[in-house]
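*Asks:* Quick one, structure for this:
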Amino acid sequence: LFRSAGRSSAGRAVREGARFRAVFEPGPVASREPTADECALVLPTLGVTPGALAAGARVASVGRARLLVPVSSRSELAALAPDFETLRAACDRFGLLGCYVYSVPTSAGRIAARMFAPSIGVPEDIANANSTACLAADLAGRGVTEIAVDMGDSLGSPATITASARPVVRVGGVAEVGDSVRELTG
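*Replies:* Prediction:
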C-alpha cells in the first residue's frame with residue numbers, strides 16, 4: 001500500500017538498478033462538466049485562446065477537484081503563460097486545486113500536459129499522477145484506455161507518467177535515483 005495525504009492506495013514499486021518502477025491505483029475518479037462560470041473565469045487566466053481550446057473540458061477529482069483543459073496541440077500547450085495570481089483566485093472561488101492542461105491525445109495515446117496548482121502553492125508541477133489518473137478515467141469513457149503523458153518540459157525536468165483504465169485506473173512511471181541515497185531509520 002502507498003500512503004499519502006491520509007489515504008492508502010494499492011500499488012507496488014520495484015527497484016531496477018538505479019531506477020524504481022512504480023504503479024498505483026488512486027481510487028475512484030469523480031467527473032462532471034464544468035459550469036459556464038468556471039470556464040469563463042478560469043480559462044482566460046491560463047492564456048488559452050479560443051482557437052487553441054479543444055472540446056472536452058471536465059472537472060475531475062480523486063480527492064480534490066481540478067479542471068482538465070484540452071488544447072489542440074503541444075505547441076499551444078507550450079505557449080501557455082498563466083497569470084498565477086488571477087488563476088489562484090479563480091480556482092479558489094470554485095474550490096479547484098488547479099488546472100491540468102493537456103494536448104489532444106495521439107492515436108497511440110501520447111499526450112503532453114502541464115499542471116498549474118497555485119491554490120496549493122505550486123505554480124506549475126513537474127509531474128502530477130493524480131491529475132493524470134483523472135484524465136485517464138475521462139479518456140477511457142471515450143475509448144482511449146492507455147496513455148503516456150509528458151510533463152515537466154517547460155520546467156527543464158522532463159517526466160512521463162503512464163496510466164491505464166481497464167477497468168481500474170492505474171498510474172505509474174519510472175524514477176531514477178540521483179547520485180546519493182540515504183536510508184532514514186528510526
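
*Asks:* Going by C-alpha atoms from here, please, whenever you check contacts or count neighbours.
*Replies:* OK.

*Asks:* what's near enough to touch residue 38?
*Replies:* 90, 94 (C-alpha atoms under 8 Å, 6 or more residues apart in numbering).

*Asks:* Confirm that it sits in a strand.
*Replies:* No: under DSSP: H, G, I helix; E, B strand; the rest coil, residue 38 falls outside any strand and is assigned helix.

*Asks:* tell me, what residue is most central in the chain?
*Replies:* Computing the C-alpha centroid of the chain and ranking residues by C-alpha atoms, centre = their mean puts residue 131 first, at 3.1 Å.

*Asks:* That one: what secondary structure?
*Replies:* What three-state DSSP gives for residue 131 is helix.

*Asks:* now it: how far from residue 98?
*Replies:* To residue 98, residue 131 is 10 Å away according to C-alpha to C-alpha, to the nearest Å.

*Asks:* repeat for residue 34
*Replies:* 13 Å.

*Asks:* Common neighbours of those two, please.
*Replies:* The contact sets of residue 34 and residue 98 overlap at residue 67 (C-alpha under 8 Å, 6+ apart).

*Asks:* which stretches of this structure form helices?
*Replies:* 36-46, 74-78, 84-94, 129-140 (DSSP state H).

*Asks:* Looking at these, which is nearest to residue 26?
*Replies:* Ranking those by their distance to residue 26 (criterion: C-alpha to C-alpha) puts helix 129-140 first, at 6.9 Å.

*Asks:* can you give me the offset of the closest one from its chain's centre?
*Replies:* 7 Å (C-alpha atoms, centre = their mean, to the nearest Å).

*Asks:* Pull the residues that contact that helix.
*Replies:* Outside helix 129-140, the residues that touch it by C-alpha under 8 Å, 6+ apart are 26, 29, 31, 60-62, 66, 68, 100, 115, 144-147, 149, 161, 163-166, 169-172.

*Asks:* what about residue 173, how many neighbours?
*Replies:* For residue 173, the count of nearby residues is 18 (other C-alpha atoms under 10 Å).

*Asks:* Can you tell me who it pairs with across the strands?
*Replies:* Residue 173 has the following beta-bridge partners by DSSP bridges: residue 22.

*Asks:* Assess the claim that it and residue 161 are in contact.
*Replies:* Yes: with contact defined as C-alpha atoms under 8 Å, residue 173 reaches residue 161; the gap is 5.1 Å.
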